[in-house]
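>>> after the sequence you'll find the predicted model.
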Amino acid sequence: MRSFKHYRAFQIDPDGHVFACINLVCDDDEQAKREAAALVLAHRIELWRLDQRIAKFDAPLEAVRQ
């Protein structure tokens, strides 16, 4: 039987405030990291599982300058 894990990918604005949360259900941390990295467009993403930050993905420099 497969065991899924629940994660949250928080979108962070340039001032460091959370403005959105995307729930992810993945097999493991590596899959969650890949899915969270794909969410990075114009804002930083922080990936969390429960109270542990798993990864942080910065926005592209072009997006930060705008």
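In hand now; what should we look at? Numbers count the residues shown, from 1 in each chain.

>>> for the rest of this, base every contact and every neighbour count on C-alpha atoms.
Noted.

>>> after the longest helix along the chain comes which helix or strand?
In terms of residue count, the longest helix belonging to the chain (DSSP state H) is helix 29-37. Next in sequence after helix 29-37, counting helices and strands by DSSP states H and E, comes strand 44-49.

>>> what is that next one packed up against?
When contacts are defined as 3 or more C-alpha pairs under 8 Å, 6 or more residues apart in numbering; DSSP states H and E, strand 44-49 sits against strand 5-12, helix 29-37, strand 52-57.

>>> ok, back up a step: and the longest helix of the chain, what does it pack against?
Looks like helix 29-37 contacts strand 18-26, strand 44-49, strand 52-57 (3+ C-alpha pairs under 8 Å, 6+ apart).

>>> pLDDT weak spots in the protein?
The chain contains residues with pLDDT under 70 at 61-66.

>>> sorry, back to before: can I get the longest helix of the chain as PDB, trimmed to CA atoms?
Taking C-alpha atoms only, helix 29-37 is exported to PDB below (Å, rounded to 0.1, in the frame of the first residue of the first chain):
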ATOM      1  CA  ASP A  29      10.300  14.800  -0.400                       C
ATOM      2  CA  GLU A  30      12.000  14.500  -3.800                       C
ATOM      3  CA  GLN A  31       8.700  14.400  -5.700                       C
ATOM      4  CA  ALA A  32       7.400  17.300  -3.600                       C
ATOM      5  CA  LYS A  33      10.600  19.400  -4.300                       C
ATOM      6  CA  ARG A  34      10.200  18.800  -8.100                       C
ATOM      7  CA  GLU A  35       6.500  19.900  -8.000                       C
ATOM      8  CA  ALA A  36       7.200  22.900  -5.800                       C
ATOM      9  CA  ALA A  37      10.100  24.000  -8.100                       C
END
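
>>> name the residues of it that come out as buried.
Asp29, Ala32, Lys33, Glu35, Ala36, Ala37 (16 or more other C-alpha atoms under 10 Å).
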